[in-house]
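Chemist: Turn this into a structure:
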Amino acid sequence: MRRILLTLGLLSGALPAAPALAASPETPLLAHQTTLALNEASSSWILTSTALVLLMTLPGLALFYGGMVRKKNVIATIAHSTAALAIVTVLWFAVGYSLSFGTSSEATNGVIGGLQAAFLNGLTPTTAHSLTPGLPEFLWVAYQLTFAIITPALIAGAFAERIKFSASILFFALWHLIVYVPICHQVWGGGWMGSHGVLDFAGGAVVHVNAGVAGLVACLVLGPRQGFGRDNMAPHNLAFTAIGTGLLFVGWLGFNAGSAWAADGIAAVAALNTIVAAAAAAVGWTAVEWIDHRRPTLLGLLSGIVAGLVGVTPAAGFVDPKGAFFIGLLCGPACYAGAVWLKRALKYDDSLDAFGVHGVGGIVGAVLTGVFATTTINAAGENANVVNQIVGLLAVMAWSAIGTFVILMICKYTVGLRVTKESEIEGLDYTQHGETIHQ
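Modeler: A predicted model of the protein is given here:
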């Protein structure tokens, strides 16, 4: 028996090995894809940035906005940020990513992407988007998702304290698909604005102007809160707002420096520019407020920081720190004018200054990107000019305004927009959610 086994063993070594199961043919790449050439350092940074930008919405924006409303509406306000996160994530997975960063026919690709990657079909651990061949595509999906999440959540600041929760859910879903996704594609995903030289490093137009204009349309359509201009509507807890600002500030480093899509020198200057612009805008806002009201406020300092962060967003990776300083210094007073003087003059109720800060700051920052962009920082700034920036801004503003108005009309004639007068006076925390804050 031993000899038989030895003979069989020798024979088996002499015979050719049995063929392995044939490997299945590789799935063909989609039009927007390339094979991953993994850059581990950049992937590590974008993984970190994804967490930082997600932090901006929940709990950052939730606390920032939650502290500025009246006590009876804190839970409802935080619920808006939470709902935006949930709704947009599901839609981004289903079709949002594909329509934003996919490719459609030559006739439509300037406006919207295709559906080949719907439900993330065709994505594998070895694919990358052609824009970022060093990053796994799944990571690119996650990073861009965090931008898609915070944009509609910003709009909620304009209609806080009076919208039905059911209306906000329907609004977030439709707005993501009808407004955010096409603009994202047009600027960042291979559409006409990006191809024509409109510069938006991290979302001045795609996120802030887009959300700010939508917020202005929303507050005009809904009308002012009960008692607006008469009742005391001061923030109930500025400590919440300060904590939220700190979280937004830290998260914004992932927002801006992460938009270099690599761990490189452009990411480094974008991070520094973010800090410099925020500080300069806080100085600018506070100086004007001090003159206007004879005293500085904590809310003014916090609002100035956010104004600077918004203003430098489109420019962060295109300008040097001197440019970031001047952008911040100009955005502080400009956003103060938008949030205080303009709102007072036109008597619209932008509850938490979504347009005054994000709309105005995004517009000023995007225009100044055309002024201060320099090739010493980023070669992509070679053809930067104010005309291109204004053309892009006008296109974003028009699309956002018209799309938002249509969506609001859909909400109005289906689920309704506003809570009843009695519910608003009692507070949305209890009337919409059956919950209250006890303190």
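Chemist: Would you mind measuring from the closest residue to L123 other than its chain neighbours to Q226?
Modeler: Once flanking residues are discounted, L123 sits nearest to E137: 5.1 Å by CB to CB, 6 or more residues apart in numbering. C-beta coordinates here come from the backbone N, C-alpha and C atoms, glycine included. Relative to Q226, E137 is positioned 48 Å away (CB to CB, to the nearest Å).
Chemist: ditto for V306
Modeler: In terms of CB to CB, V306 sits 27 Å off from Q226.
Chemist: Of those two, which one has the most company?
Modeler: For V306 versus Q226, the count of surrounding residues by other CB atoms under 10 Å is larger for V306: 27 against 16.
Chemist: in terms of contact, does P59 touch G244 like I think?
Modeler: Yes. Counting by CB atoms under 8 Å, P59 touches G244, with 7.2 Å between them.
Chemist: Who has more neighbours out of those two?
Modeler: G244 (24 against 18).
Chemist: Give me the secondary structure label for that one.
Modeler: helix (DSSP: H, G, I helix; E, B strand; the rest coil).
Chemist: Check what pLDDT it gets.
Modeler: pLDDT, G244: 98.
Chemist: Check S12 too.
Modeler: pLDDT, read off for S12, is 39.
Chemist: go on, S166?
Modeler: At S166, the model reports a pLDDT of 98.
Chemist: surely it meets V415?
Modeler: Yes. S166 is within contact range of V415, at 4.4 Å (criterion: CB under 8 Å).
Chemist: Please enumerate the strands of the stretch 51-200 of the chain.
Modeler: Secondary structure of the stretch 51-200 of the chain (DSSP state E, counting those that start in this stretch): strands at 127-129.
Chemist: ok, the closest residue to A83 other than its chain neighbours - how many residues close by?
Modeler: Once flanking residues are discounted, A83 sits nearest to I169: 5.8 Å by CB to CB, 6+ apart. For I169, the count of nearby residues is 18 (other CB under 10 Å).
Chemist: could you show me where the helices are in the stretch 201-350 of the chain, in order?
Modeler: 210-222, 238-257, 265-293, 298-312, 321-336, 343-346 (DSSP state H, counting those that start in this stretch).
Chemist: Please identify the deepest-packed of the ones you listed.
Modeler: helix 298-312 (a mean of 28; mean count of other CB atoms under 10 Å).
Chemist: Grab the most central residue of this structure for me.
Modeler: Nearest to the geometric centre of the chain sits F147, at 3.3 Å (CA atoms, centre = their mean).
Chemist: do you know how far that residue is from G365?
Modeler: For F147 relative to G365 (CB to CB), the value is 16 Å.
Chemist: mind listing what L58 touches?
Modeler: S81, T82, L85 (CB atoms under 8 Å, 6 or more residues apart in numbering).
Chemist: do you know how far it is from W252?
Modeler: According to CB to CB, L58 and W252 sit 15 Å apart.
Chemist: now T151
Modeler: From T151 to W252 the distance is 14 Å (CB to CB).
Chemist: T127 now?
Modeler: As judged by CB to CB, T127 and W252 stand 29 Å apart.
Chemist: Below-threshold pLDDT in the stretch 301-439 of the chain: ranges please.
Modeler: 439 (pLDDT under 70).
Chemist: would you list every one of the strands in it?
Modeler: Under DSSP E, counting those that start in this stretch, the stretch 301-439 of the chain gives no strands.
Chemist: Spit out the contact partners of the closest residue to K72 other than its chain neighbours.
Modeler: Leaving aside its sequence neighbours, K72 sits nearest to G427 (CB to CB, 6+ apart; 2.6 Å). Neighbouring residues of G427 by CB under 8 Å, 6+ apart: R70, K71, K72, N73, A76, T436.
Chemist: Quick check: phi and psi on G427?
Modeler: Main-chain torsions, G427, degrees, to the nearest 10: phi 120, psi 140.
Chemist: Touching, V179 and N210? I think so.
Modeler: Yes. Assessed by CB under 8 Å, V179 is found in contact with N210 at 6.8 Å.
Chemist: any residues in contact with both of the two?
Modeler: What both V179 and N210 touch, as defined by CB under 8 Å, 6+ apart, is the set S400.
Chemist: any idea which helix or strand carries the residue nearest to A262 when sequence neighbours are not counted?
Modeler: Distance criterion CB to CB, 6+ apart; nearest residue to A262, sequence neighbours excluded, is S42 at 4.3 Å. According to DSSP states H and E, S42 maps onto helix 40-55.
Chemist: Quick check: buried residues in that helix?
Modeler: S42, S43, W45, I46, L47, S49, T50, L52, V53, L54, L55 (16 or more other CB atoms under 10 Å).
Chemist: Let me see the contact set for I407.
Modeler: Each residue near I407 by CB under 8 Å, 6+ apart is listed here: F171, L174, W175, I178, V179.
Chemist: ok, the residues you listed vs E161, which is closest?
Modeler: The nearest member of these to E161, counting by CB to CB, is F171 at 15.4 Å.
Chemist: burial of the closest one, as a residue count?
Modeler: 29.
Chemist: what about the stretch 1-150 of the chain, any weak spots by pLDDT?
Modeler: If you take pLDDT under 70 as the line, the stretch 1-150 of the chain has these spans: 1-26.
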